[in-house]
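Peer 1: sharing a model that was predicted from the sequence below.
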Amino acid sequence: MKVIIVIALMFLLVGCATQTIETSNEDGVFETASDSKLFEVRLNGATFSPDTIIVNQGDTVRFVFMNEAPYTFTLEGYGLYERVAATHIDFVANQKGSFDFECVECNTAGILVVQ
């Protein structure tokens, strides 16, 4: 019985150790338990917030879409061309450079800079 409890505790500890712990600040930057960061950009109505983000290569970027009606979202250079509504898209910024992103129907855009 003790062996089963010990094994169960080991699985629980291993599972907890691999979870990413995030804390955010007012700029939409999430510090993670590892050295990587998660950057969040929101589309609420017809406005991206923030509309310009600068990240390091290897950081994760999350676009959060608050809209109920579907919009067309594009991200130049990453091959993203999606109809989105009340969802999010995550990707790793693995290409250096400046990339335009846009909500086509909203006629609003922003820029992602990957250093």
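Peer 2: Okay, I see it. Residues are numbered from 1 along each chain as shown.

Peer 1: residue 64 contacts residue 38, correct?
Peer 2: No - with contact defined as Cβ atoms under 8 Å, residue 64 does not reach residue 38; the gap is 11.2 Å. (C-beta placed from N, C-alpha, C; glycine too.)

Peer 1: residues contacting residue 90?
Peer 2: By Cβ atoms under 8 Å, 6 or more residues apart in numbering, the residues touching residue 90 are 60-62.

Peer 1: can you add distance to residue 85 and pLDDT and give the residues you listed back as CSV?
Peer 2: What follows is the contacts of residue 90, written out as CSV (distance: Cβ to Cβ, whole Å; pLDDT from 0 to 100):
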residue, distance to residue 85, pLDDT
60, 22, 94
61, 19, 95
62, 16, 94
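
Peer 1: of those residues, buried ones?
Peer 2: By neighbour count, with 16 or more other Cβ atoms under 10 Å, those hold 60-61 as buried.

Peer 1: beta partners of residue 47?
Peer 2: residue 44 (DSSP bridges).

Peer 1: wait, residue 75
Peer 2: Residues in beta-bridge contact with residue 75 (DSSP bridges): residue 80, residue 101.

Peer 1: pretty sure it contacts residue 99?
Peer 2: Yes - Residue 75 lies in contact with residue 99 (Cβ under 8 Å); the separation is 6.2 Å.

Peer 1: which neighbours do those two have in common?
Peer 2: Common neighbours of residue 75 and residue 99 (Cβ under 8 Å, 6+ apart) are residue 112.

Peer 1: sorry, back to before: looking at the contacts of residue 90, which is nearest residue 80?
Peer 2: residue 61 (10.5 Å; Cβ to Cβ).
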